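Novice: Sequence and predicted structure below; questions after.
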Amino acid sequence: MEYPIFLSPDGQEYKCILYAADILGMSGCEWFGFEIVETTSKDTLYYGWVVGLENSLGYFGVNELEEMGAFIYDTPIQLTDIIPPAGWILKESIFGIINEIKNEIDFAMFDEMLRIEENKKMIDNAIQKTGENFLWN
């Protein structure tokens, strides 16, 4: 299982390796960790997207999150159901949508090709009945 990849509104890819939420606290903030910046014996510092009073990229530490009582998820299996921040997209879902659209387009094109072939056959039959010579390109 792999970490989810989010696409930001400007199209940048970020691998989400940590998610934290202050569900029970007063802040109501969420943290999406994309990169470990520094690890010490006392704390791990992350760079990521912070959703709160202002939504922005920034730095935050695990100790800070734990002191708030935030719920912290940092394994791929825990992060599989995390919903990206507002305006962001889960990369996997966008490719699913693209493939779905592609399949619909492929089906529509195939259907149109069948109709064209059927029309050619009808015209050829009509031409044969009239005795005219006609070649399709």
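Specialist: Thanks, I have it. The shown structure was predicted, so the numbers you read here are calculated from the model rather than taken from an experiment.
Novice: Need phi/psi at the closest residue to residue 73 other than its chain neighbours.
Specialist: Distances taken as Cβ to Cβ, 6 or more residues apart in numbering put residue 19 closest to residue 73, at 4.7 Å, once the chain neighbours are dropped. Backbone N, C-alpha and C define where each C-beta goes, glycine included. Main-chain torsions, residue 19, degrees, to the nearest 10: phi -130, psi 140.
Novice: For residue 19, which residues are in contact?
Specialist: Counting by Cβ atoms under 8 Å, 6 or more residues apart in numbering, residue 19 touches 30, 31, 32, 33, 72, 73, 74, 78, 79, 82.
Novice: And for residue 38?
Specialist: Counted by Cβ under 8 Å, 6+ apart, residue 38 has contacts 44, 45.
Novice: ok, now how distant is it from residue 69?
Specialist: Here residue 38 is placed at a distance of 23 Å from residue 69 (Cβ to Cβ, to the nearest Å).
Novice: can I assume residue 87 is in contact with residue 9?
Specialist: Yes - the pair residue 87 / residue 9 is scored as a contact, 4.7 Å apart, by Cβ atoms under 8 Å.
Novice: Please flag which of the contacts of residue 19 sit within strands.
Specialist: When the contacts of residue 19 are checked against strands (DSSP state E), the matches are 30, 31, 32, 33, 72, 73.
Novice: which of those residues lies closest to residue 116?
Specialist: residue 32 (49.6 Å; Cβ to Cβ).
Novice: what about the closest residue to that closest one other than its chain neighbours, how many residues close to it?
Specialist: In this structure, residue 32 finds its nearest non-sequential neighbour in residue 49, 4.4 Å apart by Cβ to Cβ, 6+ apart. Neighbour count of residue 49, defined by other Cβ atoms under 10 Å: 20.
Novice: Repeat that for the one 3 residues further on.
Specialist: Other residues within reach of residue 52, judged by other Cβ under 10 Å, total 13.
Novice: show me the contacts for the closest residue to it other than its chain neighbours.
Specialist: Computed as Cβ to Cβ, 6+ apart, the closest residue to residue 52 that is not its neighbour in sequence is residue 29, at 3.9 Å. Listed by Cβ under 8 Å, 6+ apart, the contact partners of residue 29 are 21, 22, 50, 51, 52, 70.
Novice: Before I go, just wanted to say thanks for your time.
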